[in-house]
Structures are given as structure tokens and as C-alpha cells.
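*Asks:* What follows is a protein structure lacking sequence information:
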């Protein structure tokens, strides 16, 4: 569809004092991660959340000098998860770092986010009033209608 999407770069959460996922390099040819010490973490399984899980070899990790900084796991093995669409996420993050991406992110911050904030604070959008897709869609449309009416009233005033 030739769309240009951009999201802000965010670091993935990691435990305090542990080596973050960003320091592990992904090798697409072998479908494996490489740790800072050079050990390979091959693909193991895909869970129900769409995360591909990579595990290190516990025997090699047991003798690693960085074991205490890498994992606190009793099996002495590190696991890293990667979403099945991670390549697309990486592309969108790269778009966000460019000049056009930064402009789009600033525009969203100024135009879109205040509308969501208003919906949450003034139109009970924080929690749904109804159950079911059709009723929730009705609530969303009524909220948008109310916001548009306020914009028209401000414009005409």
C-alpha cells in the first residue's frame, strides 16, 4: 500500500543490572541471536503471543564470566524473545529516526494525542460503558461526534 509509518524508538525493558536485548545481535541467515561473548542463541519455539523464543546453551553459559550480568535464571541459560513481525517493527522504528518520521511524530503529538486525552478525561473513554464490539463502536462514534461538535462550535464562535 506504500504507507510510511513511524513510531518513536523505545528501549525494551530489561532487569536492573542485566545485559539488555539490544546488546545481542540478530543473525537472519541463521535465525539466531549472538550474545556479547559470541555464543549463539538458536531458535527454540514460538509461543501463543507470536514471540519466537531463542535459548542459550546452559553448559556454555555456566562458564561465562558475564553470567551474573546476563541472567539470574537457575538453569543458567538466557532466553530472548522476538516477535514474528519484528522486521517490520524495526523498519518502522528506522522511519521514526529520519527527518520525515520526526515530523510525523511531532504532528501526532500536537494533533492526535490531545484528542485521545480529551476523550479519556471528558468522555469516559478510560473505561468502556458497554460490552460487545457493536456497543463499544457506538461509544467511540458518539465520542468522536461530541468532539467534532465542539470543534465546529469553536470555529463558528
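*Replies:* Perfect, I can see it now. Computed from a prediction, not measured in an experiment: that's the story for all the values here.
*Asks:* Can you give the strand pairings for the longest strand anywhere in the chain, parallel or anti for each?
*Replies:* Scanning the chain for the strand with the most residues, using DSSP state E, yields strand 40-46. Next to strand 40-46 in the sheet, as set by DSSP bridges, lie strand 32-34 (antiparallel), strand 51-55 (antiparallel).
*Asks:* Looking at these, which is nearest to residue 110?
*Replies:* strand 51-55 (33.9 Å; CB to CB). C-beta coordinates here come from the backbone N, C-alpha and C atoms, glycine included.
*Asks:* what would the strands paired with strand 40-46 look like in TSV with mean neighbour count, distance to residue 156 and mean pLDDT?
*Replies:* Shown next, in TSV, are the strands paired with strand 40-46 (neighbours: other CB atoms under 10 Å; distance: least, CB to CB, whole Å; pLDDT from 0 to 100):
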stretch	mean neighbour count	distance to residue 156	mean pLDDT
strand 32-34	18	58	94
strand 51-55	17	51	94
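*Asks:* Would you reformat these as a markdown table and include distance to residue 123?
*Replies:* Formatted as a markdown table, the strands paired with strand 40-46 follow (distance: least, CB to CB, whole Å):
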| stretch | distance to residue 123 |
| --- | --- |
| strand 32-34 | 44 |
| strand 51-55 | 35 |
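*Asks:* Any figure for the gap between residue 4 and residue 85?
*Replies:* Here residue 4 is placed at a distance of 17 Å from residue 85 (CB to CB, to the nearest Å).
*Asks:* for residue 146, that is, sorry about that
*Replies:* 35 Å.
*Asks:* Compare the two (neighbour count), which wins?
*Replies:* The neighbour comparison of residue 146 against residue 85 (other CB atoms under 10 Å) goes to residue 146, with 14 against 10.
*Asks:* isn't there a helix covering that one?
*Replies:* Yes. Under DSSP: H, G, I helix; E, B strand; the rest coil, residue 146 falls within a helix.
*Asks:* circling back to that earlier point, quick one: mean pLDDT over the longest strand of the chain.
*Replies:* Averaging pLDDT along strand 40-46 yields 93.
*Asks:* Please consider this matter closed, and thank you.
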